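Asks: Output the structure for:
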Amino acid sequence: MDYFFRWNIALPNLLYLFLLPYILCRFFCSFCGVSSEGVRTNGTAFHRRRQGAGYAFLSAGLTVFEVWAGLPGSAGLVLETALLAVYGTFVLKRPWRESWMTALLLRSVFGAVDSIFRWMDYRLFLPLVLRWEAFILPADAVRELLKVLSVIGFLTLILRYFYKNAAGLLREQLLLLIVPLFFIALVERMVQDTFYVNAFMVDTDTGAVSAEIRVSHGENLLLQLLAGVCLPVLLLLHQKLVRMQLAEKKLLYLSGQAAQQKRYMEEAAVREKQTQAFRHDLQNHLTVLQELLQAGQTEKACAYLGQLDEAARGLSSEIRTGNPAVDVLLGNKCRVAEEKGICVRCELSVPKESVLKDIDWCILLSNALDNAVSACGAAAPEKRYLHLSGRKKGNLYLLLLENSCDRGLETPPPEGIGLSNIRAVLEPLGGTMDKTVSDGVYKLKLLFRVS
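Replies: Have a look, this model is predicted:
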């Protein structure tokens, strides 16, 4: 019985003072990517088990010191978090920002679980102890064991379903969560200290339980100040995450557009080769026609000429700007517009010699036309039109795009990804972009240097 008594007294302390800190250190290694062999010191592998054991002994010593010194919740929390962060920085060789972030995260999870079990201790375990005396000795051990399992479960879920999927840039943004995480951890610690640590007394004669709530005004002030800081920090974090999301969408859009423009240029190159081959064989075709006509085989000559005409039509584009890649792009875009009931008129001539590459012309025209086709969708079906023109004067080129739009639109809409891509092409050329909208007509003017 004495042996059983000693173990029921020692086991909860072992679980709380040593096993839980050991588990926190092991999860710290997992969150920060420390290998299973650990870090190396003077060429010798420092294994994770030794890392965890070392931190567990330091944490146990700190807990004893906190109890002896009677430290308040905020001071104890800072020391416990600092111990794990410093241990991660100097022993586990992790960057200090990552160490602090991970330490706060782990201590917050531990604090949340600890608060839940403090509540369970007084609302569930205490009535059981008062009713069944046999449960008095193992109650603490059962509570601490369940706490260990809960901490492992919570941290495993966070590690598997959130943290491992966070990209490096997102993890950098998570550093902004240090203040909110500390606020959460501090609230949990204050709840424990105020309501569940030496706040309940049991009358040995009657068995009645009474509570004495202790309030620290200094701790409350710190809590209120942190709550005030948390709001702007969370708003800043939200702003950064939104910018990251927009940048990701823009990158995906640009990748798709680059692939599409590459396809246009490849198609133009193929068509150019086919045209050269046709021209190369043109003399032979003329010789065949001449011989058929001289032999009086007029019908065969006409049939052969029809075949040549069909082959020539397949090589040429309906739109001719002087640039094969632009011809292919405009042909595709105009077909899409006409399928949507938009009347298209194109009067565009691309200079043969220009500082703009084919892909630059494609970026300007594809983004402008995509926006125009989209805007025409808001106009009445019978009033949908698109007029594209361009002319060169000196070393400048003026590109005009006019299209129908919503008659209720009074000012040009905010610039999206398409117009920002156009600006990116115009800036090195000293170009300008002018947008106007009036009475259901949207006009886009681009002026830039081409030589």
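
Asks: Counting neighbours, which bits of the helix or strand containing residue 138 end up buried?
Replies: Element membership for residue 138 (DSSP states H and E) is helix 136-161. Judged by neighbour count (16 or more other CB atoms under 10 Å), helix 136-161 contains these buried residues: 137, 139-141, 143-144, 147-148, 150-151, 154-155, 158. All C-beta atoms are positioned from the backbone trio N, CA, C, and that covers glycine.

Asks: try stretch 424-444
Replies: 425, 426, 429, 431, 433, 435, 437, 440, 441, 442, 443, 444.

Asks: so which pair among those residues is furthest apart in space?
Replies: 429 and 440 (31.2 Å; CB to CB).

Asks: Helices along this protein, start to end?
Replies: Remark: helices assigned in the chain by DSSP state H are 2-14, 20-32, 48-69, 73-86, 96-120, 126-131, 136-161, 168-173, 178-191, 217-294, 298-315, 324-339, 358-376, 417-426.

Asks: In terms of mean pLDDT, which of those helices ranks lowest?
Replies: Among those, helix 168-173 carries the lowest mean pLDDT, a mean of 52.

Asks: about what we covered before: same list (the buried residues of helix 136-161) but as TSV, adding distance to residue 324.
Replies: TSV is the format used below for the buried residues of helix 136-161 (distance: CB to CB, whole Å):
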residue	distance to residue 324
137	89
139	84
140	82
141	81
143	78
144	76
147	72
148	71
150	67
151	66
154	61
155	60
158	55
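
Asks: which one among those gets closest to residue 388?
Replies: Nearest to residue 388 among the buried residues of helix 136-161 is residue 158, at 54.0 Å by CB to CB.

Asks: what about the nearest residue to that closest one once chain neighbours are set aside, neighbour count?
Replies: Nearest non-adjacent residue to residue 158, counting by CB to CB, 6 or more residues apart in numbering: residue 109, 7.0 Å away. Number of residues near residue 109 (other CB atoms under 10 Å) recorded here: 22.

Asks: Surely residue 12 touches residue 140?
Replies: Yes: when contacts are counted by CB atoms under 8 Å, residue 12 is listed as touching residue 140 (3.8 Å).

Asks: tell me the domain ranges of the chain?
Replies: Following automatic domain parsing, the chain resolves into domains at 2-215, 319-451.

Asks: could you dump those to CSV with distance to residue 298?
Replies: Shown next, in CSV, are these (distance: least, CB to CB, whole Å):
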stretch, distance to residue 298
domain 2-215, 72
domain 319-451, 32
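
Asks: Quick check: the gap between the residue nearest to residue 158 and residue 372.
Replies: Here the distance between residue 109 and residue 372 works out to 53 Å (CB to CB, to the nearest Å).

Asks: re the thing from before, wait, the residue nearest to residue 158 touches residue 152, no?
Replies: No: counting by CB under 8 Å, residue 109 stays clear of residue 152, with 10.4 Å between them.

Asks: Just the C-alpha atoms of stretch 63-70, please, in PDB.
Replies: The C-alpha trace of stretch 63-70 is given here as PDB (Å, rounded to 0.1, in the frame of the first residue of the first chain):
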ATOM      1  CA  THR A  63       8.500  25.300 -12.600                       C
ATOM      2  CA  VAL A  64      10.000  24.600  -9.100                       C
ATOM      3  CA  PHE A  65      11.500  28.100  -9.100                       C
ATOM      4  CA  GLU A  66       8.100  29.700 -10.100                       C
ATOM      5  CA  VAL A  67       6.400  28.000  -7.200                       C
ATOM      6  CA  TRP A  68       9.100  28.900  -4.700                       C
ATOM      7  CA  ALA A  69       9.200  32.600  -5.900                       C
ATOM      8  CA  GLY A  70       5.400  32.900  -6.200                       C
END
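
Asks: which residues does residue 373 contact?
Replies: 333, 336, 337, 340, 342, 386, 403 (CB atoms under 8 Å, 6 or more residues apart in numbering).

Asks: okay, now the second one: neighbour count?
Replies: Taking other CB under 10 Å as the neighbour definition, residue 336 ends up with a count of 14.

Asks: just residue 124 next, same as before
Replies: 13.

Asks: That one and residue 143, how far apart?
Replies: Residue 124 is 9 Å from residue 143, where distance means CB to CB.

Asks: what does residue 74 give?
Replies: Look at residue 74 and residue 143: by CB to CB, they are 25 Å apart.

Asks: what does residue 450 give?
Replies: Going from residue 450 to residue 143 by CB to CB gives 78 Å.

Asks: Same check on residue 404?
Replies: 73 Å.

Asks: picking that back up, JSON lines for the contacts of residue 373, including distance to residue 364?
Replies: Listed next are these as JSON lines, based on distance: CB to CB, whole Å:
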{"residue": "333", "distance to residue 364": "12"}
{"residue": "336", "distance to residue 364": "17"}
{"residue": "337", "distance to residue 364": "17"}
{"residue": "340", "distance to residue 364": "21"}
{"residue": "342", "distance to residue 364": "19"}
{"residue": "386", "distance to residue 364": "15"}
{"residue": "403", "distance to residue 364": "15"}
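
Asks: What remains of those residues if I keep only buried residues?
Replies: 333, 337, 342, 386, 403.

Asks: isn't residue 384 right up against residue 376?
Replies: Yes: with contact defined as CB under 8 Å, residue 384 and residue 376 form a contacting pair (4.5 Å).

Asks: Mind checking which of these two has more residues around it?
Replies: residue 376 (24 against 21).

Asks: residue contacts, that one?
Replies: Residue 376 neighbours (CB under 8 Å, 6+ apart): 337, 340, 342, 384, 385, 386, 403, 404, 405.

Asks: Relative to residue 88, which of these is nearest.
Replies: Of all the contacts of residue 376, residue 88 sits closest to residue 405, with 57.6 Å by CB to CB.

Asks: TSV for the buried residues of stretch 424-444, including distance to residue 102?
Replies: Formatted as TSV, the buried residues of stretch 424-444 follow (distance: CB to CB, whole Å):
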residue	distance to residue 102
425	44
426	46
429	48
431	49
433	47
435	48
437	52
440	57
441	58
442	52
443	55
444	50
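
Asks: Of those, just say which sits nearest to residue 417.
Replies: Checking the buried residues of stretch 424-444 against residue 417 with CB to CB, the nearest one is residue 425 at 13.2 Å.

Asks: The closest one is in contact with residue 360, isn't it?
Replies: Yes: using CB under 8 Å, residue 425 is in contact with residue 360, at 5.1 Å.

Asks: related to what we said a few turns ago, closest to residue 243 out of the domains of the chain?
Replies: Of the domains of the chain, nearest to residue 243 by CB to CB is domain 2-215, at 9.8 Å.

Asks: still on that earlier bit, now flag whichever of the buried ones among the contacts of residue 373 is closest to residue 50.
Replies: Comparing those against residue 50 with CB to CB places residue 333 closest, at 65.8 Å.

Asks: Just the CA trace of stretch 377-392, in CSV.
Replies: C-alpha atoms of stretch 377-392 as CSV (Å, rounded to 0.1, in the frame of the first residue of the first chain):
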residue,chain,number,x,y,z
GLY,A,377,-21.2,41.7,-72.2
ALA,A,378,-22.8,44.4,-70.0
ALA,A,379,-24.1,46.3,-73.0
ALA,A,380,-27.4,45.6,-74.9
PRO,A,381,-26.9,42.8,-77.5
GLU,A,382,-27.7,45.0,-80.4
LYS,A,383,-25.1,47.6,-79.3
ARG,A,384,-22.1,45.4,-78.7
TYR,A,385,-19.2,46.5,-80.8
LEU,A,386,-15.4,46.6,-80.6
HIS,A,387,-13.2,48.9,-82.8
LEU,A,388,-9.4,48.4,-82.7
SER,A,389,-7.0,50.7,-84.6
GLY,A,390,-3.4,51.8,-84.5
ARG,A,391,-1.1,54.1,-86.4
LYS,A,392,2.6,55.1,-86.2
